[in-house]
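Participant: how does the following fold in three dimensions:
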Amino acid sequence: MALVKDRARINVRGGGLLKVRQIHPAPSDTWTDVGYLTKTDIDDTREMVESRDERGILIDWVEGAAAPMIKSVLKQTSIDEINLMKNADAIYYEVYYYCKLANGRFQELDAPIGKIKPGLILSFASATERTMEIEIHFLPVTPETSITRAPTGYNLDPAVNRHYVIVENAAALNAPTDTASSLKTAVW
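Facilitator: So this is what the prediction gives:
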């Protein structure tokens, strides 16, 4: 890692592509593009726990809980997008997000287990563009489960990254090509 001042590293991010494929209860190898995106936020904030000795001196500060998620604002609000969110209860998805950066490189995120927050808020107003927010929470892979993926850039080592893998490359890896059934057996 080389943390230096480099103008080529200043990138406009966004304008990406968000896809999901069902892994439970009925695995599907077909990726579904959720539609045009206005913006996307990836939230991986961590709760931290202080460890103090009997004198009250801070001796360690460790990660307590993590609940990563992705939130996107969809420009499309037809019945297909509405049904995806309305009927999301008890369905688990694999989540893939792709974004081409201003410097020509590609950032991609893959989360093997995600759940869409069911429900929706729709606004009906004249002379406005109606948008809808989709929120997908990434669920952890069990610590004993290493997942070998195709392409291998999405291999998941639960000791290092239990919720998702994010990569940046000169050429896009694209969405995983292994079957949803093989992924389901690896994470259940």
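Participant: secondary structure class for residue 184?
Facilitator: Put simply, residue 184 is helix when judged by DSSP: H, G, I helix; E, B strand; the rest coil.
Participant: ok, now which ones touch it?
Facilitator: By Cβ atoms under 8 Å, 6 or more residues apart in numbering, residue 184 lies in contact with 23-24, 27. Where C-beta positions appear, they are placed from N, C-alpha and C, glycine not excepted.
Participant: kindly report the same for residue 98.
Facilitator: 16-17, 19, 106-109, 172, 174-175.
Participant: cutoff 6 Å now
Facilitator: Residues counted as contacts of residue 98 (Cβ atoms under 6 Å, 6 or more residues apart in numbering) are 16-17, 108.
Participant: what of residue 134?
Facilitator: Per Cβ under 6 Å, 6+ apart, neighbours of residue 134: 72, 74.
Participant: in terms of helices and strands, where is it?
Facilitator: For residue 134, the host element (DSSP states H and E) is strand 132-138.
Participant: just checking, next helix/strand downstream of that strand?
Facilitator: Sequence-wise, the next helix or strand beyond strand 132-138 is strand 165-169, with elements assigned using DSSP H and E.
Participant: name the SS class of the residue nearest to residue 120 when sequence neighbours are not counted, please.
Facilitator: In this structure, residue 120 finds its nearest non-sequential neighbour in residue 85, 4.6 Å apart by Cβ to Cβ, 6 or more residues apart in numbering. Classification of residue 85 by three-state DSSP places it in helix.
Participant: how close does residue 85 get to residue 75?
Facilitator: From residue 85 across to residue 75, the span is 15 Å (Cβ to Cβ, to the nearest Å).
Participant: the longest strand belonging to the chain: partners in the sheet, and parallel or antiparallel?
Facilitator: If each strand of the chain is counted by residues according to DSSP state E, the longest one is strand 106-116. Sheet pairing for strand 106-116, assigned by DSSP bridges, gives strand 92-100 (antiparallel), strand 132-138 (antiparallel), strand 165-169 (antiparallel).
Participant: what about the residue lying farthest from the centre of the chain, which helix or strand?
Facilitator: Within the chain, the residue lying farthest from the chain centre (Cα atoms, centre = their mean) is residue 55, at 41.6 Å. Under DSSP H and E, no helix or strand contains residue 55.
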